[in-house]
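Participant: The following comprises the amino acid sequence and a computationally predicted model.
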Amino acid sequence: MRKKIPTITRPDPSYAASLRPEGEKDPGREEADREETVLMPMSVADEDQAPAPSRPSVPSPQASPETAAEVITAPTASQPRVRRIPATRKIDIRVNALERQEEALIDCGVDPAHVIRAALRRAVKTWQLGPEFVPPSEEQRTRITEWRARTSLAVDANALTSILHAHDPLDVLSKWALIRGQIEPRVWAEIDILLDEIAVRAAAQNTENDTSTT
Amino acid sequence: MPNDNLVVIAAMARKGGSGKTTLSRALISAAVAAGRRVLLIDTDSTGVLGAWHERAEAAGLGSPLLRSISVESVGAVDRKIEQVYDADSADFVFIDTAGVGAEWSDGIAVLADHIVTPVMLSTSDLDVGAQTADWFERLRARVDDPASLPRHHVVLNMVDPKATRADAALIEVAIARFPVVETVMMRRNVYKEMDEKGLLHAIALQKQADPNPLMRPHVRHVVEALEEATDILNNILAA
């Protein structure tokens, strides 16, 4: 058996750091790996509730638009408020189609790897990890490994901790093994939907072609 | 049957020009000379190693045991390794990477069985080498199963055959800081020839068969480089 591929749980922004173009967000902050408190500058819309800012009530007529914006935002930025970012945990996932879907994927006219990747995207778009462990399905997966979609997914850390406590208290299983029972059926369902959509589109195309030739 | 003996070696360093590609070429030469099937995966967008393989093939100094591909994503590297493993189509996979620290570094590192980092003998190079070594140490705390991570090896590179006292001091510093491979990679003109022409053992055979008898003594230099590379590869595999 090929060696186990460990799952990366959080990035190392200090090693990947490089010169960034002006104004670009710090990529290291895009992923919240633990619950953290973020100091947020208050927006202009929140000013009604804010204490009276100590700024001139009328901007100087000479002020450029940028200067005016600074006049408005600078004092409010110094009055932070607290926003809670839900704690997430990054998990490496690998999904493939089912064996029963192989034939349809090969015949659909679209690269099967693309169909599976699109299905994965749709499946996780609105999905949230539940706190209950769902055993992985025993349905036979395809053996065509080049179709497999691999990505990292940020899941709710609290839900994952609940699953860990209940199902893997010694923390010996891979995180993917703990959540795949929840994700895989959604992906397979999306693959079926996509295959139907592709078939409908192809049929419509054929009808159009037939009409144009006659 | 899947090849359970497949070995994946990734050349990684945060610094360009540290000798990753030269080290990869030498290790590939050693593996092919030992009769092993090698797949070379070039992830560096400059495509230097892939171009070298093409050049070697064109000059007749490649080998049927060596294949190369270029990929543009970590996922593609993963899939290729899985394919090679499942189909038993290679004994070694060598991954050459660009000389930077990037987000993909983690992704490549977890796929490999061994990571090799060439480091030249200078204070600055040792410092940058330490950044790579520190990154790898931190990676242990950033994965769910640190025991599945590859072994990290540092190969001292471009070591002058006539080492000075300063070189000896730097070697001591390196040994104290890194998991240094016992055999060092010497500064050799034959590595330039390897870059220009192809695999070391193929160059040696070509020189040996050269009708010009004055070329034959040059075989020794190539063989010495090949022996050095073989020692480094064995040290890596033995760790």
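Facilitator: Structure received.

Participant: all contacts plus neighbour counts: C-alpha atoms, from now on.
Facilitator: Noted.

Participant: What helices and strands are in contact with the helix or strand containing A:I91?
Facilitator: With the criterion set as DSSP states H and E, the secondary-structure element containing A:I91 is strand A:88-95. Using 3 or more C-alpha pairs under 8 Å, 6 or more residues apart in numbering or on different chains; DSSP states H and E as the contact criterion, the secondary-structure elements in contact with strand A:88-95 are strand A:149-156, helix A:157-167, helix A:175-213.

Participant: now do 10 Å
Facilitator: The elements that strand A:88-95 packs onto, with contact taken as 3 or more C-alpha pairs under 10 Å, 6 or more residues apart in numbering or on different chains; DSSP states H and E, are helix A:112-125, strand A:149-156, helix A:157-167, helix A:175-213.

Participant: between the ones you listed, which one is nearest to B:V93?
Facilitator: Nearest of these to B:V93, taken as C-alpha to C-alpha: strand A:149-156 at 20.1 Å.

Participant: hmm, back to that, okay, the helices and strands packed on strand A:88-95 in JSON lines with mean pLDDT, mean neighbour count and distance to B:V180 next?
Facilitator: Formatted as JSON lines, these follow (pLDDT from 0 to 100; neighbours: other C-alpha atoms under 10 Å in any protein chain shown; distance: least, C-alpha to C-alpha, whole Å):
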{"stretch": "helix A:112-125", "mean pLDDT": "91", "mean neighbour count": "19", "distance to B:V180": "41"}
{"stretch": "strand A:149-156", "mean pLDDT": "84", "mean neighbour count": "18", "distance to B:V180": "33"}
{"stretch": "helix A:157-167", "mean pLDDT": "87", "mean neighbour count": "17", "distance to B:V180": "38"}
{"stretch": "helix A:175-213", "mean pLDDT": "88", "mean neighbour count": "16", "distance to B:V180": "33"}
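
Participant: among those, which is nearest B:A13?
Facilitator: Set against B:A13 and scored by C-alpha to C-alpha, the helices and strands packed on strand A:88-95 come closest in strand A:149-156, at 23.8 Å.

Participant: So in that sheet, which strands flank that closest one, and in what orientation?
Facilitator: Based on DSSP bridges, the pairing partners of strand A:149-156 within the sheet are strand A:88-95 (antiparallel).

Participant: how about the strands in chain B?
Facilitator: Assigned by DSSP state E, the strands in chain B fall at B:7-11, B:38-42, B:66-70, B:92-96, B:114-120, B:151-157.

Participant: Restrict the fourth one to CA atoms and write it as CSV.
Facilitator: So that's strand B:92-96. As requested, the backbone C-alpha atoms of strand B:92-96 are provided in CSV (Å, rounded to 0.1, in the frame of the first residue of the first chain):
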residue,chain,number,x,y,z
PHE,B,92,11.5,6.2,-8.5
VAL,B,93,9.6,9.4,-8.9
PHE,B,94,11.7,12.6,-8.7
ILE,B,95,9.9,15.9,-8.2
ASP,B,96,11.8,19.0,-9.1
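
Participant: other SSEs contacting it?
Facilitator: Based on contacts counted as 3+ C-alpha pairs under 10 Å, 6+ apart, the elements that strand B:92-96 packs against are strand B:7-11, helix B:20-33, strand B:38-42, helix B:48-58, strand B:66-70, helix B:74-87, strand B:114-120.

Participant: The closest residue in space to B:D42 that isn't next to it in sequence: how many residues sit nearby?
Facilitator: Closest residue to B:D42 apart from its sequence neighbours, by C-alpha to C-alpha, 6 or more residues apart in numbering or on different chains: B:S70 at 4.7 Å. For B:S70, the tally of surrounding residues (other C-alpha atoms under 10 Å in any protein chain shown) stands at 19.

Participant: One more: B:R36?
Facilitator: The number of residues packed around B:R36, counting by other C-alpha under 10 Å, is 16.

Participant: Enumerate the residues of chain A near chain B.
Facilitator: Counting by C-alpha under 10 Å from any C-alpha of the partner chain, the positions of chain A adjacent to chain B are A:1-18, A:27-28, A:91-92, A:94, A:143-151, A:171-175.

Participant: picking up where we left off before, name the stretch among the helices and strands packed on strand B:92-96 that sits most buried.
Facilitator: strand B:114-120 (a mean of 26; mean count of other C-alpha atoms under 10 Å in any protein chain shown).

Participant: Report the angle between that strand and strand B:92-96.
Facilitator: Angle, strand B:114-120 to strand B:92-96, by axes from the mean of the first three to the mean of the last three C-alpha atoms, to 10 degrees: 50 degrees.

Participant: could you give the angle of strand B:114-120 to strand B:151-157?
Facilitator: 30 degrees.

Participant: how far off helix B:20-33 does strand B:114-120 point, in degrees?
Facilitator: Between the direction of strand B:114-120 and that of helix B:20-33, the angle (the same axes, to 10 degrees) works out to 130 degrees.

Participant: same question for strand B:114-120, mean pLDDT?
Facilitator: When pLDDT is averaged along strand B:114-120, the result is 96.

Participant: list the buried ones in stretch B:185-195?
Facilitator: B:M185, B:M186, B:R188, B:V190, B:Y191, B:M194, B:D195 (16 or more other C-alpha atoms under 10 Å in any protein chain shown).

Participant: tell me the contacts of the second one?
Facilitator: In other words, B:M186. Contacts for B:M186 were tallied using C-alpha atoms under 10 Å, 6 or more residues apart in numbering or on different chains; they are B:L156, B:N157, B:M158, B:V159, B:D160, B:P161, B:K162, B:A225, B:E228, B:A229.

Participant: B:E137: which of the strands of chain B is closest?
Facilitator: Among those, strand B:151-157 comes nearest to B:E137, with 9.3 Å by C-alpha to C-alpha.

Participant: What is that closest one packed up against?
Facilitator: Judged by 3+ C-alpha pairs under 10 Å, 6+ apart, strand B:151-157 is in contact with strand B:7-11, helix B:20-33, strand B:114-120, helix B:123-140, helix B:165-177, helix B:219-238.

Participant: Of all these, which one is nearest chain A?
Facilitator: Across those, chain A has its closest neighbour in helix B:123-140 (6.4 Å, C-alpha to the nearest C-alpha).

Participant: Between helix B:165-177 and that closest one, find me the angle.
Facilitator: Between the direction of helix B:123-140 and that of helix B:165-177, the angle (the same axes, to 10 degrees) works out to 10 degrees.
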